[in-house]
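Chemist: Show me the folded form of this:
(chains A and B)
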Amino acid sequence: MFVVRRMKKHVVTISPSASLYEARECMRENSIHQLPVAGENGKLVGILSNRDIREATLPVALLRGATEEEAVDLLKNTRVEKVMTRKVVAATLTDTLEDAIVLLHDFRINALPVTDDQGRVAGIITRTDVLKAFIEALGVGEISSRLEVVVPDRPGALAKIVTTIKSFNVNITSILTTGHAESGKRAIFFRVATINVLPLKQAIQEAGFEILDPSCFHV
Amino acid sequence: MNRVGFVYHPDYLLHAAPFEHPESPARLLAIVDHLASNGLAARMVSLSPGYPDESDILRVHDPDYLRKLEAACRRGDTTLDAEDTYLCRNSYTIALLSAGGAIAGAEAVATGSVRRAFCAVRPPGHHADRSTGMGFCLLNNVAIAARYLQARHGISRVFIVDWDVHHGNGTQAIFLEDPSVFFFSIHEHPSFLYPGTGRRWETGKGPGEGTTLNAPMSPGAGDEEYRMAFEQMLRPAVERFRPEIFLISAGFDAHGDDPLADIQVTAEGYRFMTRFVSELADRYCGGRIVSVLEGGYEISSLLSSVETHVQELLGP
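Modeler: Residues are numbered from 1 along each chain as shown, chains lettered A, B, ... in the order given. Presented below is the predicted three-dimensional model:
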């Protein structure tokens, strides 16, 4: 669960001295919405979004009788460094996926440039990349069944359940645990690679745990 | 009353687990006994399945998979994966005979010797894809029958209705890119039930985009939700597709009493679904339906559901 495993390593960057026109074309060609700005030695000096470009053309676009050429002229005569965001929220190569999620969430951004220990651009990770990692972690689309158990919030409960599952020679493809509505309890969601979860459920119940039956959720 | 073929072979009971397992010979034996004692079997035309040509199987399955399956049975392996998909020495042979059962039903319907057929076969098939058996399934009986109809009877458009409570992931994968076979599946939502596929946006791929349709049902859903899905999703799909024949992957495990899932369909719900497909078949494809048994693990609800199903295949 590290950023380096999930980031895109081939990053399109742009120079701070490039024009906004070049930046716009570059985004269009690569179907991307943000460009890390790399200065000398590939160091990350800023980030430019397509929204930054749009806002830069506003003064012309709003003028009465303004033409497309005037907007293009403005883009061609404005350097990236003039409108880019200089305080870039970035991840580093040693960051975890959890770091990335928190950054993307807390700063309300869509993409995180990833820098190496020299501050150079080494990759980029987007919300989509992070979501994909979690789709896989949740086992969505993997051939498996859901199993949901409520356990007392104390050490050892999970181990007991896993041992029970093992005794059925069934693989676990995902485990997720969260707090439960009832205090002092946790819910554990498993995805298990079997169609026949009933004997598992019964054995887990016999081991003293509560199974959450999906029909309880039916509204 | 329609002429309905009934496919069964006592050898179907020879595929048996060396341990306790829900997909047991007892299921099928109970169905056969029940249909004999309530007189429904006597109203159907008995059809005997044969062993299919290997070419009929190879239209769907990978030859390497067949060799692997055959070898595993010969070696005496007891399972294909964990303990879901068990094997015994007879399993490969009986899986062929099970596919042969779906073919026998399809053959009789295609030639017009019967109008519909109910194929009481096992092992079931709809989880098996080209190269992997899983979820109690070894060979995909319905897919093999669909390809057989296309290759041997010049039928171009086949419509598969899969109402087993589990998503028919194998059948979907086999026909995902094929616009000539429409795959409709209604099942418990994949977040809650095996196999974890069959979300509503899985609608086919490439040339097959639009000829896969999934109706995932929330846990606790029952006859009314199924009726709505048939009216709102299945009917328009059939009207657009104009099939020449229907195949049903007839699993009866959506019944409320079935222990493997959380859906609350009743035997009357199965009557409704069968009548619904029958009416569409009568309107669009000369009434041609080949129904092939899939799941259903609680004997009493399996029997009451098969009963209403067969009654409706026979019609008034």
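
Chemist: OK, contacts around A:I165?
Modeler: When contacts are counted by Cβ atoms under 8 Å, 6 or more residues apart in numbering or on different chains, A:I165 touches A:172, A:190, A:192, A:200, A:204. Backbone N, C-alpha and C define where each C-beta goes, glycine included.

Chemist: 7 Å - rerun?
Modeler: When contacts are counted by Cβ atoms under 7 Å, 6 or more residues apart in numbering or on different chains, A:I165 touches A:172, A:192, A:200.

Chemist: Now do the SS call for it.
Modeler: helix (DSSP: H, G, I helix; E, B strand; the rest coil).

Chemist: What distance do you get for it to A:A203?
Modeler: If you measure A:I165 against A:A203 using Cβ to Cβ, to the nearest Å, the figure is 8 Å.

Chemist: Double-check A:V60 against A:E69; I have them as touching.
Modeler: No - with contact defined as Cβ atoms under 7 Å, A:V60 and A:E69 do not form a contacting pair (10.0 Å).

Chemist: So which residue is smack in the middle of the chain?
Modeler: Since you didn't name a chain, this refers to chain A. Geometric centre of chain A, nearest residue: A:V130, 2.3 Å, by Cα atoms, centre = their mean.

Chemist: oops, chain B please
Modeler: Mean-position check on chain B, Cα atoms, centre = their mean. Result B:S249 at 2.3 Å.

Chemist: What strand or helix carries residue 72?
Modeler: If you meant another chain, say so; for now it's chain A. Under the criterion of DSSP states H and E, A:V72 resides in helix A:68-76.

Chemist: Sorry, I should have been clearer: chain B.
Modeler: Using DSSP H and E, B:A72 falls in helix B:63-75.

Chemist: could you give the mean pLDDT of stretch A:204-219?
Modeler: Mean pLDDT, stretch A:204-219: 78.

Chemist: residues near the closest residue to B:D178 other than its chain neighbours, how many?
Modeler: Spatial nearest neighbour of B:D178, excluding adjacent residues (Cβ to Cβ, 6 or more residues apart in numbering or on different chains): B:G208 at 5.0 Å. Per other Cβ atoms under 10 Å in any protein chain shown, the neighbour tally for B:G208 reads 19.

Chemist: now do A:H105
Modeler: Neighbours of A:H105 under the rule other Cβ under 10 Å: 11.

Chemist: how about the nearest residue to B:P22, chain neighbours excluded?
Modeler: That would be B:Y297: by Cβ to Cβ, 6+ apart, it lies 4.2 Å from B:P22.

Chemist: swap in B:R242?
Modeler: B:Y284 (6.0 Å).

Chemist: For the closest residue to A:L158 other than its chain neighbours, grab phi and psi.
Modeler: With sequence-adjacent residues excluded and distances taken as Cβ to Cβ, 6+ apart, A:L158 is closest to A:I188, at 6.3 Å. When read as degrees, to the nearest 10, the backbone of A:I188 gives phi -120, psi 130.

Chemist: wait, doesn't A:I188 sit right on A:K160?
Modeler: No - with contacts counted by Cβ under 7 Å, A:I188 stays clear of A:K160, the gap being 10.9 Å.

Chemist: picking that back up, just want to check the distance between the residue nearest to the centre of chain B and B:F230.
Modeler: 15 Å.

Chemist: Residue 78: neighbour count?
Modeler: Just going to use chain A. 17.

Chemist: wrong one, chain B
Modeler: 14.

Chemist: I'd say it and B:L87 touch.
Modeler: Yes - using Cβ under 7 Å, B:T78 is in contact with B:L87, at 6.1 Å.

Chemist: Name the residues of the stretch 1-150 of chain B found near chain A, please.
Modeler: B:22, B:82-84, B:134-136 (Cβ under 7 Å from any Cβ of the partner chain).

Chemist: So which of those is the closest to B:M44?
Modeler: B:F136 (25.6 Å; Cβ to Cβ).

Chemist: For burial, what's the neighbour tally of the closest one?
Modeler: The burial count for B:F136: 26, using other Cβ under 10 Å.

Chemist: Would you agree the residue nearest to the centre of chain B is in contact with B:H166?
Modeler: No - in terms of Cβ under 7 Å, B:S249 does not count as a neighbour of B:H166; the distance is 9.9 Å.

Chemist: what's the helix holding A:V72 packed up against?
Modeler: Packing partners of helix A:68-76 (3 or more Cβ pairs under 7 Å, 6 or more residues apart in numbering or on different chains; DSSP states H and E): helix A:20-30, helix A:50-61.

Chemist: Next up, phi/psi of the residue lying closest to A:E210 once chain neighbours are set aside, please.
Modeler: Distance criterion Cβ to Cβ, 6+ apart; nearest residue to A:E210, sequence neighbours excluded, is A:V150 at 4.2 Å. Main-chain dihedrals, A:V150, degrees, to the nearest 10: phi -100, psi 130.

Chemist: Is A:V150 bridged to anything, and to what?
Modeler: Under DSSP bridges, the beta-bridge partners of A:V150 are A:A187, A:E210.

Chemist: mind listing the strands for chain A?
Modeler: Remark: strands assigned in chain A by DSSP state E are A:34-38, A:44-49, A:91-92, A:111-115, A:121-126, A:145-152, A:172-179, A:185-192, A:210-211.

Chemist: List phi and psi for B:I155.
Modeler: phi -80, psi 130.

Chemist: Determine the number of other residues adjacent to it.
Modeler: Neighbour tally, B:I155, other Cβ under 10 Å: 19.

Chemist: Pretty sure it sits against B:E244.
Modeler: Yes - applying Cβ under 7 Å, one finds B:I155 in contact with B:E244, separated by 4.8 Å.

Chemist: re earlier: quickly note the distance from the residue nearest to B:D178 to B:F6.
Modeler: From B:G208 to B:F6 the distance is 33 Å (Cβ to Cβ).

Chemist: Kindly report the same for A:V192.
Modeler: Distance from A:V192 to B:F6, by Cβ to Cβ: 37 Å.

Chemist: in what helix or strand does the residue of the stretch 201-316 of chain B found nearest chain A lie?
Modeler: Residue of the stretch 201-316 of chain B nearest chain A, by Cβ to the nearest Cβ: B:G220 (2.9 Å). For B:G220, there is no enclosing helix or strand under DSSP H and E.

Chemist: Lowest mean pLDDT among the helices and strands of chain A, which one is it?
Modeler: Within chain A, confidence by mean pLDDT, DSSP states H and E is lowest for helix A:50-61 among all helices and strands, at a mean of 83.

Chemist: which helices and strands does that one pack with?
Modeler: Taking 3+ Cβ pairs under 7 Å, 6+ apart as the contact cut, helix A:50-61 packs with helix A:20-30, helix A:68-76.

Chemist: so the shortest one versus helix A:20-30, what angle?
Modeler: Spelled out, it's helix A:68-76. Helix A:68-76 runs at 100 degrees relative to helix A:20-30, counting by axes from the mean of the first three to the mean of the last three Cα atoms, to 10 degrees.

Chemist: Show me which residues of helix A:68-76 are buried.
Modeler: A:71, A:74-75 (16 or more other Cβ atoms under 10 Å in any protein chain shown).

Chemist: where's the dip in pLDDT among these?
Modeler: Ranked by pLDDT, these bottom out at A:A71, which has 82.

Chemist: wait, isn't that residue in contact with A:V60?
Modeler: Yes - when contacts are counted by Cβ under 7 Å, A:A71 is listed as touching A:V60 (5.0 Å).
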